[in-house]
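S.K.: Sharing a model prediction with you, sequence too.
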There are 2 protein chains.
Amino acid sequence: MGIVQRLEHVGLTVTDVERTVSWYATMFGSRRVQEMHWPDTGVRGVYITLGDDGSQLELFQKPGTHKHLEADLGMARYEHFCIQVEDIHSTFADLEEKGAEIAFRPRLAKRHGYVAMVVDPDGIRIELLQILSAERHAELVREQASR
Amino acid sequence: MGIVQRLEHVGLTVTDVERTVSWYATMFGSRRVQEMHWPDTGVRGVYITLGDDGSQLELFQKPGTHKHLEADLGMARYEHFCIQVEDIHSTFADLEEKGAEIAFRPRLAKRHGYVAMVVDPDGIRIELLQILSAERHAELVREQASR
């Protein structure tokens, strides 16, 4: 098919866009790319980078959005988004030192890689993924099982 | 910083994972990559491709998730995810012909590109984005304004 290229961004509605921009800047080095404002609706949008390959987050602040995300478990939903990192252990240690809320610490995934999960100031869940070769992953799973 | 590489996947919890896998296969040519099952919780996960650069969707089916997504506008939330496409007009025409629910049709974005939005069977919003050069975008905006 070839018409779909890739995930380009995730759009989030947040309670305090400046707080969120600062948080992603501190935690992930995100930089402000563009800002928008729709005066008729009072909506503000800030686009920030997520890594260096062009992935972005679109952050919206909309009148009336005032509370933290709490998933309705009965409802279909966005569960998390995932960013690929080079070295999950060093990234995670850095996030922890900077005070990120932690959902779970680095562990071997069922997919070939390590995963961890942190939570942003609005309760948005961010998975970290370090991809490993199938061989390296199998080796680590065996090591873990033999401990 | 350089430790964050890119958006790698988005995780969704859906009401009927086989229906969702079929829908993304039909609409976007997504292919099944891996399946997982956690017998202790009854959770099933299916990973599917989103384009050819390694982006994926993680689809979870969890006991008790029975209803369509309806955003709580007072709550911080995931708003949509966005996939980059080569030619939004042909992709959109194809999706429309295949019966995709449409949120809005292709239009010039404030960012340099065209955007459109479709909705999956659970109410998950999927933005389509065709990136244009800043010059081409400015030209199209001028053309549109002079019509």
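M.R.: The structure has been received and is ready for your questions.

S.K.: From here on, just use CA atoms for contacts and neighbour counts.
M.R.: OK.

S.K.: quick one, strands of chain A?
M.R.: Along chain A, the segments classed as strands by DSSP state E run A:4-14, A:32-38, A:43-49, A:56-61, A:77-85, A:101-108, A:113-119, A:125-131.

S.K.: tell me, what residue is most central in chain A?
M.R.: Among the residues of chain A, the one closest to the centroid is residue A:126, at 3.2 Å (C-alpha atoms, centre = their mean).

S.K.: thought that one was touching residue A:119?
M.R.: Yes. With contact taken as C-alpha atoms under 8 Å, residue A:126 and residue A:119 are classed as touching, separated by 5.9 Å.

S.K.: Please pull out the lowest mean pLDDT helix or strand from chain A.
M.R.: Each helix and strand of chain A was given a mean pLDDT (mean pLDDT, DSSP states H and E); the minimum falls on helix A:134-146 at a mean of 90.

S.K.: where does chain A dip in pLDDT?
M.R.: Judged against pLDDT under 70, the low-scoring parts of chain A cover residues A:1-2.

S.K.: Would you map out the domains in it?
M.R.: Structural domains of chain A, as assigned by automatic domain parsing, span the residue ranges A:1-64, A:79-147.

S.K.: I'd like the ones you listed laid out as TSV, including distance to residue B:30.
M.R.: Compiled in TSV, the domains of chain A are given as follows (distance: least, C-alpha to C-alpha, whole Å):
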stretch	distance to residue B:30
domain A:1-64	9
domain A:79-147	18
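
S.K.: Select, out of these, the one closest to residue B:144.
M.R.: Nearest to residue B:144 among the domains of chain A is domain A:1-64 (19.1 Å), distances taken as C-alpha to C-alpha.

S.K.: Adding distance to residue B:32 as columns, could you present the strands of chain A in a markdown table?
M.R.: Supplementary listing: the strands of chain A in a markdown table, determined by distance: least, C-alpha to C-alpha, whole Å:
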| stretch | distance to residue B:32 |
| --- | --- |
| strand A:4-14 | 16 |
| strand A:32-38 | 34 |
| strand A:43-49 | 29 |
| strand A:56-61 | 25 |
| strand A:77-85 | 18 |
| strand A:101-108 | 21 |
| strand A:113-119 | 18 |
| strand A:125-131 | 18 |
